[in-house]
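Asks: have a look at this prediction, sequence included:
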Amino acid sequence: MTDRIAIHTDGLTKHYGDVRALVDLDLDVRAGEVFGFLGPNGAGKTTMIRTILDEIRPTSGRASILGMDTRNKSVEIRSHIGYMPGDLAMYPNLTGRDTLTYFANLRGGVDWSYVEKLADRLDADLSKKVGDLSSGNRQKVGLIQAFMNRPDVLIMDEPSSGLDPLIQREFQTMMRDVATEGRTVFLSSHTLSEVQRVADRVGIIRHGRLIALEAVASLRSKAIRRVDLYFDAPVDESVFVGLPGVREVTGTNHHVVLSFDGRMETLLRVATDRYSLVDITTQEADLEEIFLTYYRDEEVSA
């Protein structure tokens with residue numbers, strides 16, 4: 001990773017009438033990194049992408065990609081980027097190969113041996129008509145078109161939708177390969193787990209405002225888990241109240257549910273000290289819970 005800036009925004013703002021879809025976005029994405037852009041649906045992620053791609057014009061502010069102004073140099077920028085939209089649409093009567101040929105011709109040609117390699121990595125069947133493909137297999141064709149010109153900047157909006165777990169893992173490896181080569185990935189998603197696996201840094205957007213910008217390791221330390229404890233007898237859930245890392249506790253007979261971001265050994269020590277623990281399950285809290293827990297103050301003051 002270098003200090004060279006691949007994507008820069010300065011006060012980028014977009015209003016739709018009274019709706020403030022994007023508000024004063026200041027952001028630098030470095031060359032050679034996978035940058036995760038996180039937020040729930042409707043937070044402003046797609047508006048930001050469409051604005052920096054000059055598909056829509058900002059109400060105020062400016063942006064640049066690879067040092068080029070996104071409004072004045074939008075055509076030149078297109079030769080340096082790959083884009084995977086969230087609302088991917090393709091001609092249903094064209095095969096996957098025909099579709100990629102169409103996009104390749106728009107770009108002035110691509111290395112077809114590289115296209116075949118991408119298709120192999122994603123296990124994509126390019127011989128079938130797009131309209132006959134499942135959503136996941138259509139998504140593979142879209143990913144290939146985004147990667148196939150070896151862009152300096154990859155911009156992707158919810159790209160792994162519909163992909164099976166094995167293909168998701170290969171896709172994540174492909175994104176890391178891009179960053180290793182010094183190129184940039186801008187990955188927009190509402191799925192925290194997806195971004196955590198691959199991104200170097202993340203920006204979190206809520207109601208059009210960037211409310212956090214940090215390394216993934218820092219974000220992980222803030223993630224709250226849901227912990228379900230199952231006992232062989234009814235439990236007084238109050239014994240867990242006040243423990244380090246315990247934020248919420250609810251209990252029903254043999255079952256206790258915690259919102260927890262502390263050390264598991266502390267929790268288990270208390271759980272097994274007075275009761276017989278039968279089972280335990282944990283799951284990552286969703287992105288909305290993390291926002292509500294850690295960024296409520298920022299949202300109120302915004």
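Replies: Sure, I can see it.

Asks: which parts of the stretch 151-300 of the chain are helices?
Replies: Counting by DSSP state H, counting those that start in this stretch, residue ranges of the helices within the stretch 151-300 of the chain are 165-180, 192-198, 216-222, 264-273, 287-294, 296-301.

Asks: looking at the ones you listed, which has the lowest confidence?
Replies: Taking each of the helices of the stretch 151-300 of the chain in turn, the lowest mean pLDDT turns up on helix 296-301, with a mean of 50.

Asks: mind listing what the most centrally placed residue in the chain touches?
Replies: With distances taken as CA atoms, centre = their mean, the chain has S189 as the residue nearest its mean C-alpha position (2.8 Å). Contacts for S189 (CB atoms under 8 Å, 6 or more residues apart in numbering) come out as 36-38, 45, 158, 160, 195. For the C-beta atoms, the positions are set from N, CA and C on the backbone; glycine is no exception.

Asks: now neighbour count too, for those, in TSV please.
Replies: Formatted as TSV, the entries for the contacts of S189 read as follows, by neighbours: other CB atoms under 10 Å:
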residue	neighbour count
G36	25
F37	27
L38	26
K45	23
E158	21
S160	23
V195	23
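
Asks: for the residues you listed, point out the one with the lowest pLDDT.
Replies: Comparing pLDDT over those singles out V195 as the least confident position, at 85.

Asks: what's the nearest residue to that residue if we skip its chain neighbours?
Replies: Spatial nearest neighbour of V195, chain neighbours left out: G36 (3.5 Å); criterion: CB to CB, 6 or more residues apart in numbering.

Asks: dump the contacts of S189 to CSV, plus distance to D273.
Replies: What follows is those, written out as CSV (distance: CB to CB, whole Å):
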residue, distance to D273
G36, 40
F37, 44
L38, 38
K45, 45
E158, 45
S160, 43
V195, 37
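
Asks: T281 is in contact with D228, isn't it?
Replies: Yes - T281 lies in contact with D228 (CB atoms under 8 Å); the separation is 4.7 Å.

Asks: same drill for the two, tell me which one is more crowded.
Replies: In this view T281 and D228 are compared by other CB atoms under 10 Å, and D228 has more residues nearby, 13 against 9.

Asks: what residues are up against that one?
Replies: Residues near D228 by CB under 8 Å, 6+ apart: 255-258, 279-282.

Asks: quick one: it and L267, what's the gap?
Replies: Going from D228 to L267 by CB to CB, to the nearest Å gives 12 Å.

Asks: what touches both of those two?
Replies: Applying CB under 8 Å, 6+ apart, one finds that D228 and L267 are jointly contacted by L258.

Asks: please, where are all the strands along this protein?
Replies: Across the chain, reading from the start of the chain, the strands by DSSP state E fall at 5-16, 19-30, 34-38, 60-65, 68-69, 81-84, 153-157, 184-189, 201-206, 209-215, 225-231, 246-252, 255-260, 277-284.

Asks: show me the contacts for the residue nearest to R138 when sequence neighbours are not counted.
Replies: With CB to CB, 6+ apart as the measure, V130 is the residue that lies nearest to R138, at 5.9 Å, once sequence neighbours are left out. Residues counted as contacts of V130 (CB under 8 Å, 6+ apart) are 90-96, 99, 138, 141.

Asks: buried subset of those, written for PyMOL?
Replies: Buried residues within the contacts of V130, as defined by 16 or more other CB atoms under 10 Å, are selected in PyMOL through the command that follows:
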select buried, resi 90+94+95+96+99+138+141
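
Asks: closest one to R183 out of the contacts of V130, please.
Replies: Nearest to R183 out of the contacts of V130 is V141 (CB to CB; 21.2 Å).

Asks: my guess is the closest one contacts R97. True?
Replies: No - checked against CB under 8 Å, the pair V141 and R97 is beyond contact range at 9.1 Å.

Asks: overlap in contacts, the two.
Replies: L126.

Asks: out of the contacts of D228, who has the most neighbours?
Replies: Using other CB under 10 Å as the contact criterion, the top neighbour count among the contacts of D228 goes to L258, which has 26 neighbours.

Asks: how far away is it from L38?
Replies: Distance of L258 to L38, computed by CB to CB: 24 Å.

Asks: can you give me the first-to-last residue distance of stretch 196-215?
Replies: End-to-end distance for stretch 196-215: 10 Å, by CA to CA, to the nearest Å.

Asks: report the buried residues of that stretch.
Replies: Counting neighbours by 16+ other CB under 10 Å, stretch 196-215 gives 196-212 as buried.

Asks: and if you look at stretch 173-183?
Replies: Within stretch 173-183, the residues that qualify as buried by neighbour count (16+ other CB under 10 Å) are 174-176, 178-179, 183.

Asks: closest to D54 among the residues you listed?
Replies: R183 (20.7 Å).
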